[in-house]
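Student: got a structure for you, letters missing:
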């Protein structure tokens, strides 16, 4: 392993090859030539659903567009608000990645919001990748973008994807052609790195991993319902019972409109 | 494994025990009785450094204070700004957790900012836990809060902790008495869950894990310099060479003032 101090010594000895590396980097960091990301932001979204992927996208050295129907701050579940940089009208139509984060209360509203669904259909028609994390998949589904596609979502709503003609699929990141969906919340980092490898290659994605020190060590086992204690699964399903029933009802209705 | 549909059937049959669970929850969600978190926000901070831990803290059902020297929006590396909820004057002095996120450019400034260092010393004097993620540890160190303590930081600055009398320690989350420090960026989720287990117990922390579907599957190996290819380590150290040299200089000077 090379640590920083060893590196500084080596760097002095290898100034030639390093200046080549720097020249490569200078080209890379012309963001206007990099990939374009259109990220939907929406009221009550889960902030981590946005920030996990966006942190990785940002290191792909492209342009990041945060999009909402108007240019007013959008409050997340943490109370922290995000100011959109584009509206549905101004968002570019030639993006590499269209991305929808989750947040159950918000996605229930969006599944019924024809303006948002039309916007997603429009941008998706030319986007290279159509993507989501967590319950964001419900919105892609309601927009008809998951029909016939294998897709995943937060474990507690994944089966609802069938209402949209999707093939519900277990998996941290599920890829089916140009549709990439991630599981619940923290899956956004694994998802983001997968996108980075598609857009910039594996070496670039690995450098991002190292920059973000992504070598997770969960202090417990139990991040999926299969691994968790039944009591914990039951407790969460109980606490969220009402909103999950509402999501199910709305997803079923949205599926009928497709 | 219990899925949502099975659960709904079981729930009907077991309404008695579930209403007990709900009663428990109603008490839990009185946030004013829950733990208090004081999170420093600072210009150029890495948004994921804040949001990873905060997402977990928020599910501890306490109160979240975002603190900066004045009540103006603080811009992160992503361009997304965070509005502080408290200033150094108004921040409560009886918090359970004092937390400093990272962001190298910002933490270099904070190591030299006597107002911030005095604030941290003051809140730390009564806080139950004194904590950081990523390069936030440099700020705790400059405030004299790591003297004689085992601590970690982002891999590329970890050795600088010795300037503050800390014992640099490898580890995703390093605990030494009331001082808990996390590694770079994404370590914040592991760190947050560790804090949750200390404050609310293991079962609560496990429910948070399941809610956030925290069962990471990095698409590559290589999130630490030990696991990564030497070329990738060298590339990052080269690109960040100038700012790392500046951090080293400032950390050494700050250490001398302790």
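Tutor: Looks like it came in fine. Nothing here was measured: the structure is a model prediction, and the numbers come from that model.
Student: Pretty sure residue A:106 sits against residue A:43.
Tutor: Yes. The criterion here is CB atoms under 8 Å, and residue A:106 meets it with residue A:43 at 5.4 Å. C-beta: built from backbone N, CA, C; applies to glycine.
Student: More neighbours: the two, which one.
Tutor: Using other CB atoms under 10 Å in any protein chain shown as the criterion, residue A:106 and residue A:43 rank with residue A:106 on top: 25 against 17.
Student: what's the pLDDT at the residue lying closest to that one once chain neighbours are set aside?
Tutor: Distance criterion CB to CB, 6 or more residues apart in numbering or on different chains; nearest residue to residue A:106, sequence neighbours excluded, is residue A:44 at 3.9 Å. pLDDT, residue A:44: 96.
Student: tally of neighbours for residue A:44?
Tutor: Residue A:44 - counted by other CB under 10 Å - has 16 other residues nearby.
Student: and the stretch 51-200 of chain A, which residues reach chain B?
Tutor: With CB under 8 Å from any CB of the partner chain as the criterion, the stretch 51-200 of chain A meets chain B at residues A:51-52, A:54-55, A:58, A:64, A:66, A:77-83, A:85, A:134, A:154-157, A:159, A:172-173, A:183-187, A:189-190, A:193-194, A:197.
Student: distance between the helix or strand hosting residue A:199 and the chain's centre?
Tutor: Element membership for residue A:199 (DSSP states H and E) is helix A:187-200. Chain-centre distance of helix A:187-200: 9 Å, with CA atoms, centre = their mean, to the nearest Å.
Student: So for it, mean pLDDT?
Tutor: 98.
Student: How about stretch A:251-258?
Tutor: 97.
Student: same deal with stretch A:216-227?
Tutor: 96.
Student: Give the buried residues for it.
Tutor: The neighbour-count check on stretch A:216-227 (16 or more other CB atoms under 10 Å in any protein chain shown) flags A:216, A:218-220, A:222-225, A:227 as buried.
Student: can you redo these as JSON lines with distance to chain B and secondary structure?
Tutor: Formatted as JSON lines, these follow (distance: CB to the nearest CB, whole Å; DSSP: H, G, I helix; E, B strand; the rest coil):
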{"residue": "A:216", "distance to chain B": "4", "secondary structure": "coil"}
{"residue": "A:218", "distance to chain B": "6", "secondary structure": "coil"}
{"residue": "A:219", "distance to chain B": "5", "secondary structure": "coil"}
{"residue": "A:220", "distance to chain B": "5", "secondary structure": "coil"}
{"residue": "A:222", "distance to chain B": "5", "secondary structure": "coil"}
{"residue": "A:223", "distance to chain B": "3", "secondary structure": "coil"}
{"residue": "A:224", "distance to chain B": "5", "secondary structure": "coil"}
{"residue": "A:225", "distance to chain B": "5", "secondary structure": "coil"}
{"residue": "A:227", "distance to chain B": "6", "secondary structure": "coil"}
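Student: Pick the one among those closest to residue B:101.
Tutor: Residue B:101 lies nearest to residue A:216 out of those, by CB to CB, at 17.6 Å.
Student: OK, contacts around that closest one?
Tutor: B:172, B:186, B:189-190, B:216, B:218, B:223 (CB atoms under 8 Å, 6 or more residues apart in numbering or on different chains).
Student: Now do the phi/psi pair for it.
Tutor: Torsion angles at residue A:216 (phi, psi; degrees, to the nearest 10) stand at phi -60, psi 140.
Student: for residue A:88, same thing?
Tutor: Main-chain dihedrals, residue A:88, degrees, to the nearest 10: phi -60, psi -30.
Student: Repeat that for residue A:91.
Tutor: Main-chain torsions, residue A:91, degrees, to the nearest 10: phi -60, psi 130.
Student: can you check the one 5 residues further on too?
Tutor: With angles defined as degrees, to the nearest 10, residue A:96 sits at phi -80, psi -40.
Student: residues near residue A:258, how many?
Tutor: When neighbours are counted by other CB under 10 Å, residue A:258 comes out with 13.
Student: Please name the nearest non-neighbouring residue to the residue of the stretch 51-200 of chain A found nearest chain B.
Tutor: With CB to the nearest CB, the shortest gap between the stretch 51-200 of chain A and chain B falls at residue A:184, namely 3.0 Å. Nearest non-adjacent residue to residue A:184, counting by CB to CB, 6+ apart: residue B:213, 3.0 Å away.
Student: Spit out the contact partners of that neighbour.
Tutor: A:134, A:154-155, A:183-187, A:223-224 are the contacts of residue B:213 under CB under 8 Å, 6+ apart.
Student: how does it look with 7 Å?
Tutor: A:154-155, A:183-187, A:223-224 (CB atoms under 7 Å, 6 or more residues apart in numbering or on different chains).
Student: now do residue A:44
Tutor: A:77, A:103, A:105-106.
Student: Mind checking which of the residues you listed land in helices?
Tutor: A:105-106 (DSSP state H).
Student: give me phi/psi at residue A:65?
Tutor: Per degrees, to the nearest 10, the backbone of residue A:65 is at phi -110, psi 130.
Student: same deal with residue A:173?
Tutor: According to degrees, to the nearest 10, residue A:173 has phi -130, psi 130.
Student: related to what we said a few turns ago, any idea which of the buried residues of stretch A:216-227 is closest to residue B:244?
Tutor: residue A:216 (24.3 Å).
Student: Kindly provide the distance from that closest one to residue A:49.
Tutor: 17 Å (CB to CB, to the nearest Å).
Student: go on, residue A:92?
Tutor: 22 Å.
Student: Give me the more crowded residue out of the two.
Tutor: Between residue A:92 and residue A:49, counted using other CB under 10 Å, the more crowded position is residue A:49 (34 against 13).
Student: Remind me which helix or strand that one belongs to.
Tutor: Residue-wise, residue A:49 maps onto helix A:47-58 under DSSP H and E.
Student: can you give me the helices for the stretch 1-150 of chain A?
Tutor: Per DSSP state H, counting those that start in this stretch, the stretch 1-150 of chain A carries helices over the ranges A:4-13, A:15-28, A:47-58, A:104-110, A:114-124, A:136-142.
Student: For those helices, which has the smallest mean pLDDT value?
Tutor: helix A:15-28 (a mean of 43).
Student: Residue A:181 is in what secondary structure piece?
Tutor: Counting by DSSP H and E, residue A:181 is part of strand A:179-182.
Student: Quickly run through the sheet partners of that strand, with directions.
Tutor: Strands that pair with strand A:179-182, judged by DSSP bridges, come out as strand A:129-133 (parallel), strand A:173-176 (antiparallel).
Student: Not counting that strand itself, show me its contacts.
Tutor: Contacts of strand A:179-182 (CB under 7 Å, 6+ apart): A:129-134, A:137, A:146, A:149, A:151-153, A:172-174, A:188, A:190-191, A:194-195.
Student: got it, and stretch A:162-177?
Tutor: Contacts for stretch A:162-177 (CB under 7 Å, 6+ apart): A:141-142, A:146-152, A:158-159, A:161, A:180-183, A:187, A:190-191, A:194, A:251-252, A:255, A:258, B:217.
Student: Among those, name the buried ones.
Tutor: Among the contacts of stretch A:162-177, those buried by neighbour count (16+ other CB under 10 Å) are A:141-142, A:146, A:149-152, A:158, A:161, A:180-183, A:187, A:190-191, A:194, A:251, A:255.
Student: In terms of helix, strand or coil, where does the residue of the stretch 51-200 of chain A closest to chain B fall?
Tutor: coil (DSSP: H, G, I helix; E, B strand; the rest coil).
Student: wait, doesn't it sit right on residue B:209?
Tutor: No. Between residue A:184 and residue B:209 there is no contact under CB atoms under 7 Å: 10.4 Å.
Student: now do the same end-to-end measure for stretch A:160-169.
Tutor: 11 Å (CA to CA, to the nearest Å).
Student: what do you get for stretch A:45-64?
Tutor: For stretch A:45-64, the end-to-end distance is 18 Å (CA to CA).
Student: same check, this time on stretch A:217-236
Tutor: Stretch A:217-236: ends 23 Å apart by CA to CA.
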